[in-house]
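Participant: build me a model:
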Amino acid sequence: MAAPAMGRIESRDRVEAYLRLAELSEKLFDGRRQYEWKVTLGFWALLAAAINLHPKTPLPPLLYVAVPLAFGFVWLRGVFVAHENDKRMMYFYRDAAQALLRDPTSEVGKPKDRISLLTCEWWLGFLFSWGTFFEFATSVLLVWIAYKLR
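Facilitator: Model (predicted):
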């Protein structure tokens with residue numbers, strides 16, 4: 001009789017641990033998301049100010065390409081990868097807790113692999129995520145407006 005009770009306690013502890021790990025990943029994601037939008041809105045404000053500051057001052061044409069590409073491939077790509085990795089962990093641990101609640105003897109597998117440097121998802125995934133795509137497209141639009149006004 002003691003073994004089943006011990007099994008229940010163990011599975012309850014496992015469920016609690018999985019839920020805490022899922023919560024940790026969610027907190028990391030949410031904290032980064034708040035910071036992401038502050039940086040992005042600041043970047044857009046700088047672009048808008050640059051458009052209005054010296055509207056007729058010529059700028060090097062390379063700048064109109066380099067600015068959105070640097071913003072996208074340095075900032076947005078990095079944010080996307082970190083967000084996606086945190087979401088994968090959050091969903092894995094949440095699903096593991098649900099599986100244990102349905103069947104306390106169930107075995108939890110391995111989490112989905114993190115996004116690797118050598119994958120297309122690492123380099124271009126931010127272009128296929130609606131949030132980061134919107135940020136990138138808006139940045140490109142603002143730079144295009146700046147180019148047309150000069």
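Participant: tell me which residue is most central in this protein.
Facilitator: By C-alpha atoms, centre = their mean, the chain has its centre lying nearest to residue 83, at 2.3 Å.
Participant: just the element for residue 20, please.
Facilitator: helix 2-53 (DSSP states H and E).
Participant: helix or strand next in line after that helix, which one?
Facilitator: Trace forward from helix 2-53 with DSSP H and E and the next one is helix 61-70.
Participant: just give the closest residue to the residue nearest to the centre of the chain, not the sequence neighbours.
Facilitator: residue 29 (5.9 Å; C-beta to C-beta, 6 or more residues apart in numbering). All C-beta spots, glycine's among them, are computed from the backbone N, C-alpha and C.
Participant: the one you found reaches residue 86, doesn't it?
Facilitator: Yes - using C-beta atoms under 8 Å, residue 29 makes contact with residue 86 at a distance of 4.2 Å.
Participant: those two: who's more crowded?
Facilitator: residue 86 (21 against 18; other C-beta atoms under 10 Å).
Participant: which helices and strands does the helix or strand containing that one pack with?
Facilitator: Using DSSP H and E, residue 86 maps to helix 77-102. With contacts defined as 3 or more C-beta pairs under 8 Å, 6 or more residues apart in numbering; DSSP states H and E, helix 77-102 has these neighbours: helix 2-53, helix 120-124, helix 130-149.
Participant: against which helices or strands is the last one packed?
Facilitator: What it means is helix 130-149. Counting by 3+ C-beta pairs under 8 Å, 6+ apart, helix 130-149 packs on helix 2-53, helix 61-70, helix 77-102.
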